[in-house]
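Engineer: Sequence below, structure please.
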Amino acid sequence: MIHVCSLAALPDTVRRTRASHVLTVMANVDQVLTPETILPHNHLKVSVDDITEEIEGFVAPCERHVAQVLNFVRGWDRNAPLVVHCYAGISRSTASAFAAACMLNPHRDELAIAKAIRAASPIASPNRLIVSLADAALGRQGRMIRAVEAIGPGAMSIESQPFRIDLD
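Structural biologist: Next up, the predicted model:
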């Protein structure tokens with residue numbers, strides 16, 4: 001099971017879910033402390049800004065970042081939940097969780113996964129660049145991108161409520 005949350009909700013989400021792994025996908029990852037119950041090697045920090053194109057002075061998600069995320073998720077034993085978070089729990093985290101769910105379920109329909117995310121979080125707005133890069137890395141031939149386009153942008157909000165994505 002994958003749980004998605006904001007930075008503010010990270011400690012409580014890890015405690016409540018008894019997660020074993022944490023994926024941080026946001027700028028300024030040095031400010032994020034590894035929760036006490038998470039082993040340091042079970043916490044990946046990927047430093048990217050929430051942008052969908054190259055902008056001077058910002059770090060756009062790239063193939064290397066998505067490869068880091070996918071490799072980390074491959075190493076997750078799934079015995080306890082994974083928590084994925086970004087600053088607000090809306091864009092980078094939902095895109096990364098979507099990528100993880102697609103990778104872990106290679107035969108599951110991308111639209112079904114995207115719809116499950118939308119049902120769990122009306123404000124989820126997966127970062128389109130991360131989704132596009134993950135789609136290419138996973139050989140999904142544009143289906144992930146089309147799935148995110150089909151669910152449309154989430155409702156406006158400053159911060160999400162934690163939610164989960166079931167993997168089966």
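Engineer: Strands of the chain, start to end?
Structural biologist: In the chain, the strands defined using DSSP state E lie at 2-6, 21-25, 43-46, 82-86, 163-165.
Engineer: In TSV: those, plus mean neighbour count, distance to Q141 and mean pLDDT.
Structural biologist: All C-beta atoms are positioned from the backbone trio N, CA, C, and that covers glycine. Formatted as TSV, these follow (neighbours: other C-beta atoms under 10 Å; distance: least, C-beta to C-beta, whole Å; pLDDT from 0 to 100):
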stretch	mean neighbour count	distance to Q141	mean pLDDT
strand 2-6	26	23	97
strand 21-25	26	24	98
strand 43-46	19	25	98
strand 82-86	28	24	97
strand 163-165	21	22	90
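Engineer: between those strands, which one is nearest to R15?
Structural biologist: Proximity to R15 (C-beta to C-beta) singles out strand 82-86 among these, at 10.2 Å.
Engineer: need the contact list for the most centrally placed residue in the chain.
Structural biologist: Note on the chain: the residue nearest the mean C-alpha position is S96, at 2.6 Å, using C-alpha atoms, centre = their mean. Neighbouring residues of S96 by C-beta atoms under 8 Å, 6 or more residues apart in numbering: 23, 25, 46, 69, 84, 86, 130.
Engineer: try R128
Structural biologist: Counting by C-beta under 8 Å, 6+ apart, the residues that R128 touches are 52, 95, 145, 148.
Engineer: would you turn the strands of the chain into a markdown table with distance to E36?
Structural biologist: Below are the strands of the chain laid out as a markdown table (distance: least, C-beta to C-beta, whole Å):
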| stretch | distance to E36 |
| --- | --- |
| strand 2-6 | 17 |
| strand 21-25 | 11 |
| strand 43-46 | 11 |
| strand 82-86 | 14 |
| strand 163-165 | 22 |
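Engineer: quick one: least confident helix or strand in this structure?
Structural biologist: The helix or strand of the chain with the lowest confidence, counting by mean pLDDT, DSSP states H and E, is strand 163-165 at a mean of 90.
Engineer: Is it correct that D135 is in contact with M144?
Structural biologist: Yes. Using C-beta atoms under 8 Å, D135 makes contact with M144 at a distance of 3.9 Å.
Engineer: How many residues are close by D135?
Structural biologist: 23 (other C-beta atoms under 10 Å).
Engineer: If I look at the residue lying farthest from the centre of the chain, what pLDDT would I see?
Structural biologist: What lies farthest from the middle of the chain is E56; by C-alpha atoms, centre = their mean that is 24.1 Å. pLDDT, E56: 91.
Engineer: ok, back up a step: for C102, find the nearest of the strands of the chain.
Structural biologist: strand 163-165 (10.5 Å).
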